[in-house]
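In: This is a predicted model, with the sequence first.
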Amino acid sequence: MKLILQFMKPYRKLFLLTPALIILDVVGALYIPTLVAEIMNEGVSSGSTVNDLYRIGVQIVIASCISGAGAIVGGYTCSQLASRVCKDIRDALYRKTLKLSVYDFKQFGTASVTTRTISDVTNIQTAILNVMQMVLPVPIIFVVALFLTFHLDRMAGVILLIVLAAVIVIALGIMKAASPLFKRLQKLLDRMGTVLLENLTGVRVIRAFNKQNDEQRRLDKTFEDYAYTSIRANRMFASLDGLSFLAVNLFVVLVYWISGPRVTAGYFQMGDITALIEYALLALFYIMMAQIIILTLPRSLECCRRVQEVLDYSPEIVDLVKKDSADQEKDDVLVFDHVNFRFADAEENTLEDLDFTCKRGETTAVIGGTGSGKSTVASLILRFHDVTEGELRLNGKNIRDMTQHHLRDRLAYVQQKAWLFSGTIAENLRYGNPDATDAELEHALEVAQASDFVHSLPDGLDSYVAQGGTNFSGGQKQRLSIARALVKKPELYIFDDSFSALDFKTDAALRKALEKETEDVAVLIIAQRVSTIRHAHQIIVLNEGKMVGKGTHEELMKTCDVYQEIVNSQTKEDGE
């Protein structure tokens, strides 16, 4: 409830107007049976006139119009309120997930965050609609229906009160029993999303290892668990429906049973019996609907809790300043000043005592074996993680003393696993610079050695890109990602093993073109292939997170055993 009330604050007027319109609809609906009873009683009365019947008929029409108008406008405002509130919740969730670091994101998981943003918020929206339209009017209906029933006959009023109370007690008992089931359903929904996502994204591996049947069994087990829990919850719904309809029918029988002697004695008229039954049916209908909705509330409340959990989560990386000061261009674009880094759940440092500088107009390379911490270097620069000790400076300023937006606006990052967004090639290239001209896009493609294959496509820059760039090869995706970085025109390029899918000829041509393009900026290349970085102005050698060498290729070949081993191993592989 805290979550919903928080997001309803901007829509106070709509929130107050909606129940008022719904109550107008309900009161009008309850008043109509009274008028119908009156017209029936007048119709069989010898003293009534045609004008009396016309008068009551006009009143019925007016009441119906007021009730209908309340229902239509109330339904519209209720829909508007629920849609706007849940749109804001989704926006808040999305903005919050963008602030989460890689480590933070792992606390929830991709499938769970997706489920919370789409399915959970949809459940919340449905709950808002149902509660506003079916639960809020119940107290009004309860009071008005009982008042009108007691006004006609005290015994009928007592019976209706007992029936309504019994139905409410049964509903509360079933709701209490259903609450754990709905919590389990949401967790199972997360599990289904995780397994399904793994199966769809890893389909090639599954087929390559002939594991289709095993994965099918694993997915079937997840579906079965969800279905079994859903069936248990639905049985409770069925029980409540049956008991509620039984209560309605019992009341109708009792009304007819007690009405016979009263009609004979002249206390009752036929219209009064009709009115009593209508009051009861309307009251019980709304209470039954409210019961069904209340039964689903545990699920909606669990959805609220899950959404609130993400919104309340404190990100690992936060901006420590609200406003950025003016930049000062320096030759030392990026400085690692005795940097140490350790993951929150690790016992030892991943990186230890990194101390080097990326200068303007120069290329710095980082190389090392698998697990040496190369990619973590890029994560620290982008502030996906914060350093544990030491300092990282951009243009002489600690990166923690600038906003994340300001920092990343001055960097261009190309990761090893290139990712392209659905749309066109031109839209992807403009991702970091929306105002780039077609000429700038063409130039970036030339430098990235992607111009030939883009122009070979029927639509050129307007060619379609599938989600993730799956309609292009690995090398093509990498070259487009490099072109996208070039279009941004940053102060520091970070190439994280982003030449790995290129052949040696393309790699060499691209590096040669990059030299002229990056004369006034700093370049950091993270690589495993020596041929990619041997001409760098400075090479940093990592081994088990420690910097064991720093210098040019020629210097390291004389002074660094680890670098020599890497070079020799790759030379041997090339020779073979």
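Out: In hand now; what should we look at? Numbers count the residues shown, from 1 in each chain.
In: got the contact list for the nearest residue to A466 once chain neighbours are set aside?
Out: Closest residue to A466 in three dimensions, ignoring its sequence neighbours and counting by C-beta to C-beta, 6 or more residues apart in numbering: S422, at 6.2 Å. Where C-beta positions appear, they are placed from N, C-alpha and C, glycine not excepted. Listed by C-beta atoms under 8 Å, 6 or more residues apart in numbering, the contact partners of S422 are 465-467.
In: now K512: how far from I118?
Out: Using C-beta to C-beta, to the nearest Å, K512 is found at 47 Å from I118.
In: Tell me which helix or strand the residue nearest to G460 when sequence neighbours are not counted sits in.
Out: Excluding the flanking residues, the one nearest G460 by C-beta to C-beta, 6+ apart is V454, at 6.2 Å. If you go by DSSP states H and E, V454 is part of helix 451-455.
In: Skip ahead from that helix and say which helix or strand is next.
Out: strand 464-465.
In: my guess is V541 meets A365, correct?
Out: No: here V541 lies out of contact with A365, judged by C-beta atoms under 8 Å, at a distance of 9.3 Å.
In: What residues are bridge-paired with A412?
Out: Listed by DSSP bridges, the beta-bridge partners for A412 are Y493.
In: show me the contacts for it.
Out: 432, 485-486, 488-490, 492-494.
In: Widest-spaced pair of the residues you listed?
Out: Maximum pairwise distance among the contacts of A412 (C-beta to C-beta): 14.2 Å, between K489 and I494.
In: in this protein, which helix has the most residues?
Out: Counting residues, the longest helix found in the chain (DSSP state H) is helix 212-265.
In: other SSEs contacting the helix or strand just after it?
Out: Using DSSP H and E, the next helix or strand after helix 212-265 towards the C-terminus is helix 270-312. If you count contacts as 3 or more C-beta pairs under 8 Å, 6 or more residues apart in numbering; DSSP states H and E, helix 270-312 packs onto helix 2-8, helix 12-44, helix 50-99, helix 121-130, helix 137-152, helix 154-201, helix 212-265.
In: How far away from the center of its chain is the third one?
Out: Spelled out, it's helix 50-99. 28 Å (C-alpha atoms, centre = their mean, to the nearest Å).
In: now what about the following helix or strand past it, what contacts it?
Out: Next along the chain after helix 50-99, taking DSSP H and E as the criterion, comes helix 102-106. Applying C-beta under 8 Å, 6+ apart, the contact partners of helix 102-106 are 97, 113, 313, 315-316, 343-344, 379, 384-385.
In: how about S325, secondary structure?
Out: Secondary structure assignment for S325 (DSSP: H, G, I helix; E, B strand; the rest coil): coil.
In: burial measure for it, as a count.
Out: If you count neighbours by other C-beta atoms under 10 Å, S325 ends up with 10.
In: Pull up the gap between it and G361, please.
Out: The spacing between S325 and G361, counted by C-beta to C-beta, is 25 Å.
In: Confirm that H338 sits in a strand.
Out: Yes: according to three-state DSSP, H338 belongs to a strand.
In: Tell me how far it lies from K516.
Out: 34 Å.
In: Kindly report the same for G242.
Out: 80 Å.
In: How about C78?
Out: Distance from C78 to K516, counting by C-beta to C-beta: 63 Å.
In: neighbour-wise, which of these two wins?
Out: More neighbours surround C78 than the other of C78 and K516, with 24 against 8 (other C-beta under 10 Å).
In: confidence score at the more buried one?
Out: As predicted, C78 sits at a pLDDT of 90.
In: Same question for F268.
Out: According to the prediction, F268 has pLDDT 67.
In: related to what we said a few turns ago, show me which of K489 and I494 is the more surrounded one.
Out: Between K489 and I494, counting by other C-beta under 10 Å, I494 is the more crowded of the two (25 against 16).
In: who touches stretch 539-555?
Out: Looking at what lies outside stretch 539-555 - C-beta under 8 Å, 6+ apart - the contacts are 349-356, 364-369, 371-374, 377, 530, 533-538, 556, 559-560, 562-563, 566.
In: give me that answer again for 7 Å
Out: Under the criterion C-beta atoms under 7 Å, 6 or more residues apart in numbering, residues 349-356, 364-369, 372-374, 533-534, 538, 556, 559-560, 562-563 lie in contact with stretch 539-555.
In: and if you look at stretch 396-404?
Out: 317, 319-321, 324, 328, 330, 332, 383, 386, 391-393, 407.
In: one more time with 10 Å, if that's ok
Out: 98-99, 317-325, 327-335, 337, 380-384, 386-387, 391-395, 406-411 (C-beta atoms under 10 Å, 6 or more residues apart in numbering).
In: That one: end-to-end distance?
Out: 16 Å (C-alpha to C-alpha, to the nearest Å).
In: can you offset everything so residue one is 20?
Out: Done: numbering now begins at 20, and the last item shifts to stretch 415-423.
In: And it, what's buried?
Out: Within stretch 415-423, the residues scored as buried using 16 or more other C-beta atoms under 10 Å are 416, 418-423.
In: repeat for stretch 344-356
Out: So, applying 16+ other C-beta under 10 Å, buried residues of stretch 344-356: 349, 352-355.
In: What of stretch 152-161?
Out: 152-157, 159-161.
In: which stretches of the stretch 170-319 of the chain aren't confidently modelled?
Out: 256, 260, 282-287, 314 (pLDDT under 70).
In: show me what contacts the residue nearest to the spatial centre of the chain?
Out: Note on the chain: the residue nearest the mean C-alpha position is T136, at 2.4 Å, using C-alpha atoms, centre = their mean. Contact analysis of T136 by C-beta under 10 Å, 6+ apart lists 108-113, 115-116, 326, 329.
In: which one of these sits closest to I292?
Out: Of these, the one sitting nearest to I292 (C-beta to C-beta) turns out to be I108, at 48.6 Å.
In: ok, the closest one to L33 distance?
Out: Look at I108 and L33: by C-beta to C-beta, they are 16 Å apart.
In: more neighbours, those two?
Out: I108 (24 against 16).
In: Could you double-check that the more buried one sits in contact with F26?
Out: Yes: using C-beta atoms under 10 Å, I108 is in contact with F26, at 5.6 Å.
In: Can you tell me the SS state at A520?
Out: Classification of A520 by three-state DSSP places it in coil.
In: That one contacts G488, correct?
Out: No: between A520 and G488 there is no contact under C-beta under 10 Å: 11.7 Å.
In: For PyMOL, write the select line for the buried members of the contacts of stretch 415-423.
Out: Selection of the buried residues among these in PyMOL, burial being defined by 16+ other C-beta under 10 Å:
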select buried, resi 336+338+349+352+353+354+399+400+401+402+403+406+411+412+413+414+425+426+427+429+430
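In: Which members of the contacts of stretch 415-423 occur in strands, if any?
Out: 351-354, 356, 410-413, 430 (DSSP state E).
In: which one of the residues you listed is nearest V45?
Out: After measuring these against V45 - C-beta to C-beta - the closest member comes out as L430, at 59.6 Å.
In: Quick check: pLDDT value at the closest one.
Out: With respect to pLDDT, L430 scores 93.
In: From T551, how far off is it?
Out: According to C-beta to C-beta, L430 and T551 sit 20 Å apart.
In: go on, V157?
Out: 70 Å.
In: Then V224?
Out: Counting by C-beta to C-beta, the gap from V224 to T551 is 28 Å.
In: Between those two, which is the more surrounded one?
Out: The neighbour comparison of V224 against T551 (other C-beta under 10 Å) goes to T551, with 24 against 11.
In: tally of neighbours for the spatially closest residue to that one that is not a sequence neighbour?
Out: In this structure, T551 finds its nearest non-sequential neighbour in F518, 5.1 Å apart by C-beta to C-beta, 6+ apart. Per other C-beta under 10 Å, the neighbour tally for F518 reads 27.
In: Who are the contact partners of F518?
Out: By C-beta under 10 Å, 6+ apart, the contact list for F518 reads 433, 435, 494, 497-498, 501, 525-527, 529-530, 533, 544, 546-548, 550-552.
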